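Q: Give me a model of this one.
(one chain, ligands or ions: 1)
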Amino acid sequence: MTNITSLIKQDRLLHLTKTLVEIPSVTGQEQPLADWICDYLKSLGLDNITRLPVEETGETIVAWLEGAQEVPGMMLLFHLDTFDVCDGWDTDPFKTLLEGNKLFGLGVHDMKGGGACILGAMEAIVQSKIQLGGHLYIVATTDEENWSRGAHEVIKSGLLNRCICGLNPEPTARGEVRIGQRGRHVFHLTLKGKTIQASYDHDDGINAVVDAAKLVTALDGIPCNELGVNEAYNITGNLAVTSIQGGSTMILIPERAHVYLDRHTIPGQTAETEAEFLRAIIEQTDIKSTVQIEWDDRPTPAPTAYLISEDAMIVREVSRQILSELNEPPTYVIGRSVNDASHFTVYGGIPTVLYGPQGGNTCKANEYLEVDSLVPTARIYLNTVLNILGKS
Ligand SMILES: [Zn+2]
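A: Numbering: from 1, shown residues only. Got it, this is the predicted structure:
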């Protein structure tokens, strides 16, 4: 019997990566790539392919290789969309360029190279004609870089109700498995002061803009270790003031100001606990305006922080494959930010860990993929799937 992992070949993974990169799929414009994915999956003989419409963007695709029995399945998840082209590219971002071990192109590291590893692992299973014990779900989402509306359409569809774990190739360092991720909440503070004519004694009014400036200064001065600390994984919470708005050139003391905060949380923190924290800071700040706190005005629920146990089956299995493929034990980290894996884990109930091929300049000009990381990554996916789902 042929060793199934020998069916994974660098040339094929490279070809798949180039194809994915050269079909532009900036967020909101993913449909041509979604169409290609559907045609490609059909060409491999997959019967179970579902297109899920996603508001304002391309369809998210869910397909599966049928398992022998109705036993729990697992998911290989990747997103189709990329950020838009930024300034500074030395080459055409939608044409791949191979230079030594580096393949340049928009989205090649986040995450078209990882998508190619998923497709390569699936192709090996199809070609080997092996019958898996449980379903292998292939999920290609849209809108990931925006609101993760594609991920939520999948969750709502119920198609993955029998899926017990997932793997997602967001960029990671070699041998580094992301077993959790910080959460993200956007807070909106509305300051209400009292207007008077600007030439009058200011003590008769309350200047909401000046109060907003004081509050922003106080918030910006909070050290990270007061925003939550997870010592085991050496990560803290984070707070960034992203917007301050208010006032005009009218002859008036401004009575309204708005402050927006980007708050990254660690596991255990929620929007509610952090709203309390903000209230305490506001009370300690010398301002007269009243402050209303709201958060997460968005079309999908905000992803809270999560951490999957190192003992969870998906973590143990991926770790075992990393050790065998790279000859070194994996390291575990909590990722700094959020993505579709956060939504599937927190809202879909599918613990999803991250491990992807290596690269650089991610989400910047001249993004590249390290080509020699494709085969080990695809083999790690393939062997993880085979061990979790089993063969019948
Ligand atoms: Zn990504």
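Q: Any residues of the stretch 151-300 of the chain in contact with the ion? List them.
A: E170 (C-beta under 5 Å from the ion). All C-beta atoms are positioned from the backbone trio N, CA, C, and that covers glycine.
Q: check which helix or strand covers L14.
A: Per DSSP states H and E: L14 is located in helix 10-22.
Q: pretty sure A198 is touching L252, no?
A: Yes: using C-beta atoms under 8 Å, A198 is in contact with L252, at 5.7 Å.
Q: circling back: output the contacting helices and strands for the very next helix or strand once past the helix holding L14.
A: Counting by DSSP H and E, the next helix or strand C-terminal to helix 10-22 is helix 31-43. With contacts taken as 3 or more C-beta pairs under 8 Å, 6 or more residues apart in numbering; DSSP states H and E, helix 31-43 sits against strand 48-54, strand 57-65, strand 136-141.
Q: Let's verify V353: helix, strand, or coil?
A: Secondary structure assignment for V353 (DSSP: H, G, I helix; E, B strand; the rest coil): strand.
Q: Quick check, pLDDT for the nearest residue to L98 once chain neighbours are set aside.
A: If the residues on either side of it in the chain are set aside, L98 comes closest to V371, at 7.2 Å by C-beta to C-beta, 6 or more residues apart in numbering. We have a pLDDT of 98 for V371.
Q: V371 against G105, yeah?
A: No: using C-beta under 8 Å, V371 makes no contact with G105, being 11.8 Å away.
Q: Which one of these two is surrounded by more residues?
A: G105 (27 against 22; other C-beta atoms under 10 Å).
Q: wait, that one sits on K95?
A: Yes: using C-beta under 8 Å, G105 is in contact with K95, at 7.1 Å.
Q: Give me the common contacts of the two.
A: Each of E22 lies in contact with both G105 and K95 under the rule C-beta atoms under 8 Å, 6 or more residues apart in numbering.
Q: Pull the distance from stretch 213-233 to the chain's centre.
A: The chain centre lies 23 Å from the centre of stretch 213-233; the measure is C-alpha atoms, centre = their mean, to the nearest Å.
Q: Outside of that stretch itself, which residues are in contact with it?
A: Residues outside stretch 213-233 that contact it (C-beta under 8 Å, 6+ apart): 180, 189, 191, 235-239, 241, 244, 259, 261, 263, 265-269, 278, 281-282, 284-287, 291, 307, 332-334.
Q: Which ones among those map onto helices?
A: 278, 281-282, 284 (DSSP state H).
Q: would you list these in CSV and tack on distance to I138?
A: CSV is the format used below for these (distance: C-beta to C-beta, whole Å):
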residue, distance to I138
L278, 41
I281, 45
I282, 47
Q284, 51
